[in-house]
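# how does the following fold in three dimensions:
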Amino acid sequence: MRPLKNHLILYDAECPMCQLYTKAFTNTGMLDPNGRAPYQNMPEFACPLVDRQRAVNEIALIDKTTGEVRYGIDSLFAVIANSFPILRPLFTCKAFHWTMRKAYAFISYNRKVIIPAPKGDTHIIQPSFKLHYRIAWLLFTTLVIGSTLAAYTKSGHPWHAYVLTAGQVFFQGLLISIIAPAKRWDYLGNMMTISFAGALLLLALKPFIPATGIAYLPILALMLLEHLRRTNLLSLDRTLTISWIFYQLFVIYIVTLTQPTY
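A predicted model of the protein is given here:
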């Protein structure tokens, strides 16, 4: 695998996902061993070349020979296509490029609620907040969580599961709007990430555990710990966790109530 020489990719040191895949680029030889650096400690030569805010929003790739800078999905495509030239025609396809650009933005603008940075590690420059991408994240997770609950409520109407899931967003959204309105979208994004992870775990364990609301309790315990951790990162009090627990127990009750009797 040939490396993309004389290039430097700038990643977010506060983002575990960014650290992971840029490190994979250097470890696998797709970039030089010194071909990555955090934008928080941007090399001096890069400062006049890079749009700093854009580099925070979209990972930047600098050609140290020409001074050209690529951002976002174009950065990733440049690195991958250099090692796998067979993929170049796909990367230049307009429909594929548009789709992947939107997918990249969807993840990038929500990365701080998918995997939040440790408390105290927040850099002065943060990704721009895009409300439509946060709403898209809430809708996406609602659909996945709702479909998971629907699989556990076979005797009920499937749309009940989606109402329960959307109800969580509405219920907690009202409370956070009263307690800390400035943190509304960050909290809701984190909360739905927790539920999304719980839904994926529930789906993975479905073949091995009975389809009852009680089976949800061990997963709920893990979700509770993560909810406590994330509300602490957001400097929010326990009121939101208490209300969240009550709503989750309500969901378990409804799931159990709608199970078929034999």
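# how about the nearest residue to the residue nearest the centre of the chain, chain neighbours excluded?
Centroid check for the chain by C-alpha atoms, centre = their mean gives Ile114 as the closest residue, at 3.0 Å. Closest residue to Ile114 apart from its sequence neighbours, by C-beta to C-beta, 6 or more residues apart in numbering: Thr193 at 5.6 Å. No exception for glycine: its C-beta is placed from N, CA and C like everyone else's.
# which strand or helix spans the one you found?
Assigned by DSSP states H and E, Thr193 belongs to helix 184-205.
# helices or strands next to that helix in the packing?
Judged by 3 or more C-beta pairs under 8 Å, 6 or more residues apart in numbering; DSSP states H and E, the packing partners of helix 184-205 are helix 111-114, helix 131-151, helix 158-179, helix 217-233.
# low-confidence ranges, the protein, go.
1, 120-124, 153-158, 209-215, 255-262 (pLDDT under 70).
# care to break it down by domain?
Annotated domains of the chain cover 7-112, 129-257 [automatic domain parsing].
# how long is the first one end to end?
Start-to-end span of domain 7-112 (C-alpha to C-alpha, to the nearest Å) is 26 Å.
# contacts only, for Lys206.
Ala151 (C-beta atoms under 8 Å, 6 or more residues apart in numbering).
# identify the residues contacting stretch 5-15?
Around stretch 5-15, the neighbours that count as contacts under C-beta under 8 Å, 6+ apart are 18-19, 22, 25, 31-32, 35-43, 46, 50, 55-56, 59-65, 75, 78-79, 111-112, 115, 117-118, 121-123, 127.
# only the buried subset of those residues, as a ChimeraX command please.
The buried residues among those can be selected in ChimeraX (16 or more other C-beta atoms under 10 Å) with this line:
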select :18,22,25,31,32,35,36,37,38,39,42,46,50,55,56,59,60,61,62,63,64,75,78,79,111,112,117,127
